[in-house]
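Participant: okay, here's the prediction I keep looking at, along with the sequence it came from:
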Amino acid sequence: MLRVACAVVGSLALMAPVARPDVDAVTFATAFHGGTADQHKNKQISGTGVSFHGAIPEVIADGSKRTSLVMTLGRAGDARPGLLKTWDEFVAAETARTTLVVALSGPELPSPPASGPTTYEFTGVYDGQVRTIMRAPGSGGSTERDSGPCPGEQPRLIEGGTGFYCAPLLTGAKATPAK
């Protein structure tokens, strides 16, 4: 009888969902930048980022609009990317084409204040979707070429994708101002 009880309890324990730890957003964005983001597909991505782009109106399939955000996480190539805190640091990373970002889409994302860049803690799921991001004004003096818009999102009048790059999109995202 004891063996049966242990077998039942053991079977139930094996079938119980195991909470997987979230993937760090910098690790994920670095993987995306390197072309290996699929290893994190359908996983929860969490981190802290700065919204230099401000609120971006997003049109949903039913025609309604909601706020979308782009979180800047740091610079690709840094040994340990840290948050970019000033507009000048952000423009320098944009000019060097090394900005690590993720785009957020969710039903209740906050609108950043107009007073300037805001730091957020966020979470969302990467399901393979991407979003085209426009480079910051004043970041055009680079000898590096932009990667251009995401596949299928090429604007008609933009030659060669200058000023645009592709970023991973986290769906079902939530964000709160960091304390």
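Facilitator: Great, that's in hand. Residues are numbered from 1 along each chain as shown.

Participant: what about Asp127, which helix or strand?
Facilitator: Secondary-structure assignment from DSSP states H and E places Asp127 in strand 118-134.

Participant: that strand pairs with which strands?
Facilitator: strand 43-51 (antiparallel), strand 164-177 (antiparallel) (DSSP bridges).

Participant: and Gln39, which of the three is it?
Facilitator: helix (DSSP: H, G, I helix; E, B strand; the rest coil).

Participant: give me the number of residues near it?
Facilitator: 9 (other C-beta atoms under 10 Å). Heads up, the C-betas are built off the backbone N, CA and C, glycines and all.

Participant: how about the contacts made by it?
Facilitator: Going by C-beta atoms under 8 Å, 6 or more residues apart in numbering, Gln39 touches Ala31.

Participant: what of Ser46?
Facilitator: Contacts of Ser46 (C-beta under 8 Å, 6+ apart): Asp22, Val23, Asp24, Ala25, Glu121, Phe122, Thr123.

Participant: quick check: closest non-adjacent residue to the third one.
Facilitator: Distances taken as C-beta to C-beta, 6 or more residues apart in numbering put Gly47 closest to Asp24, at 6.0 Å, once the chain neighbours are dropped.

Participant: most tightly surrounded among the strands paired with strand 118-134?
Facilitator: Of all the strands paired with strand 118-134, strand 43-51 has the most neighbours on average by mean count of other C-beta atoms under 10 Å, namely a mean of 21.

Participant: what pLDDT, on average, does it get?
Facilitator: Strand 43-51 comes out with an average pLDDT of 95.

Participant: still on that earlier bit, which of the contacts of Ser46 sit farthest apart?
Facilitator: Within the contacts of Ser46, Val23 and Glu121 form the most distant pair, 14.7 Å apart (C-beta to C-beta).

Participant: who are the contact partners of the residue nearest to Asp24?
Facilitator: Asp24, Ala25, Val26, Phe28, Met71, Leu73, Val102, Glu121, Phe122.
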